[in-house]
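Chemist: Here is a sequence together with a model predicted from it:
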Amino acid sequence: MSDTITRGSSGLAVRCSRALLSPWSRFSVLIAVLAGAAVVVSVYEPQRVLTEGMPARIGGGAALVLFALAYGLCAVAFVPRPLLNLAAGALFGAQFGLAAALAGTVLGAGLAFGLGRFLGQEALRPLLRGRWLTAADRQLSGHGFRSMLAIRLFPGVPFAAANYCAAVSRMGWAPFLLATALGSVPNTAAYVVAGSRAAAPTSPVFLVALGFIVLTGLGAAAVAWRKRHHLRGR
C-alpha cells in the first residue's frame, strides 16, 4: 500500500512539474513578468529623472552604474529608449552619457533576449506561419549578426520587438549582443548629444544631432516601404 502511495505521489509530482515547465506555462510567466514591469514603470515614472535628475547623494561612477542598470530594466519594461538616451545626455553629458546609455542598451537587450529565449521560444516557434513571419525568422536565424546590425542602425523596428523576435528565432547570443552594441552607437549617440545640449536648442551641435535623428528615421521608413513592396511581390 505504501509503495502504491509513493508511486502515485511521485507520478503526480512529475505531472505537475511537466505542466509547470511546459512551453505555454513558461510563456504565461513571461507575459506576467512583462505586465508587472509595465505596471511598475507606470507607477514610479522613471522618466522623471529628465526633470528631477539623479538623487543628490549619488554621484560619480556609482551614478553611471546605477543609471545603466536602471536603463536596462526600463528598456525591458518598454520605456522608450529615445527618452532614456536624452536623459543620459542631460545627466552625464555626451561622453559619459553615451557610455551609460550603451551599457544600458546591451543590458536591456540581453535581459529581454534571455526572457524571450527561455520563457517564450518553445511556445511561439510553432506559430511562425505566414509569409512575413517565416521570412523574418529565416533572415534572423540564418543571418543573425547582419540582420540585427541593420535593425539597430535603422531605428524602424521598436527595440523591444526586435529583442523578442530575435529571441524566438534561432539567433545566437554572441551575434545578437555584438550587433546590438555596434549598431546602437550612431542613433544612441545622436540622442545623447541632443540631450546634453537640450538647454541650447539652437546650437549647431544640437541641430546636427537632431538632423541625424530625422534622417535615420526617414531612411528607416524608406527601407521599410521597399521591403513591404518586395514581400508583396513574392
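Modeler: The structure has been received and is ready for your questions. Numbers count the residues shown, from 1 in each chain.
Chemist: in the helix of greatest length in the chain, what's buried?
Modeler: Counting residues, the longest helix found in the chain (DSSP state H) is helix 81-119. By 16 or more other CB atoms under 10 Å, the buried positions in helix 81-119 come out as 81-92, 94, 96-98, 100-113, 115-117, 119. Placement of C-beta: from N, CA and C, glycine included.
Chemist: ok, now stretch 161-181?
Modeler: Those would be 162-169, 171, 175-181, for stretch 161-181 by 16+ other CB under 10 Å.
Chemist: same check, this time on stretch 194-210
Modeler: Ala194, Gly195, Ser196, Arg197, Phe206, Ala209, Leu210.
Chemist: element containing the first one, please.
Modeler: Just to be clear, that refers to Ala194. Following DSSP states H and E, one finds Ala194 within helix 185-196.
Chemist: Got the phi and psi for Gly120?
Modeler: Phi and psi for Gly120, reported as degrees, to the nearest 10, are phi -120, psi -20.
Chemist: Need the pLDDT of it.
Modeler: Model confidence at Gly120, expressed as pLDDT, equals 73.
Chemist: So Leu149 sits against Leu182, correct?
Modeler: Yes: using CB atoms under 8 Å, Leu149 is in contact with Leu182, at 6.3 Å.
Chemist: Same list, the buried residues of stretch 194-210, but as CSV with pLDDT and distance to Tyr71 please.
Modeler: Putting the buried residues of stretch 194-210 into CSV (pLDDT from 0 to 100; distance: CB to CB, whole Å) gives the following:
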residue, pLDDT, distance to Tyr71
Ala194, 93, 17
Gly195, 91, 13
Ser196, 92, 16
Arg197, 91, 20
Phe206, 89, 22
Ala209, 90, 19
Leu210, 88, 22
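Chemist: just curious, which of the residues you listed is nearest to Leu73?
Modeler: Gly195 (19.4 Å; CB to CB).
Chemist: my guess is the closest one meets Leu83, correct?
Modeler: No: proximity of Gly195 to Leu83 does not meet the contact threshold set by CB under 8 Å, at 9.4 Å.
Chemist: who touches both of the two?
Modeler: Counting by CB atoms under 8 Å, 6 or more residues apart in numbering, Gly195 and Leu83 have no contacts in common.
Chemist: Quick one: low-confidence residue ranges for the chain.
Modeler: Residue ranges of the chain with pLDDT under 70: 1-21, 24, 45-59, 125-133, 223-224, 226-234.
Chemist: switch the cut-off to 50
Modeler: 12-14, 16, 19-20, 231, 233-234 (pLDDT under 50).
Chemist: ok, Phe78 - contacts?
Modeler: Here Phe78 is in contact with Leu34, Ala37, Ala38, Val41, Ala160 (CB under 8 Å, 6+ apart).
Chemist: gap between the nearest residue to the fourth one once chain neighbours are set aside and Ala62?
Modeler: Sequence neighbours aside, Ala77 is the residue nearest to Val41 in space, at 4.5 Å (criterion: CB to CB, 6 or more residues apart in numbering). Counting by CB to CB, to the nearest Å, the separation of Ala77 from Ala62 is 22 Å.
Chemist: and the two? which has more neighbours close in?
Modeler: Neighbour count, other CB atoms under 10 Å: between Ala77 and Ala62, Ala77 has more, with 22 against 11.
Chemist: And that one, how far from Ser203?
Modeler: 33 Å.
Chemist: got it, and Phe159?
Modeler: Distance of Phe159 to Ser203, given as CB to CB: 28 Å.
Chemist: So for Leu149 and Leu182, which sits in the more crowded spot?
Modeler: More neighbours surround Leu149 than the other of Leu149 and Leu182, with 19 against 15 (other CB under 10 Å).
Chemist: element containing the more buried one, please.
Modeler: Under the criterion of DSSP H and E, Leu149 resides in helix 144-153.
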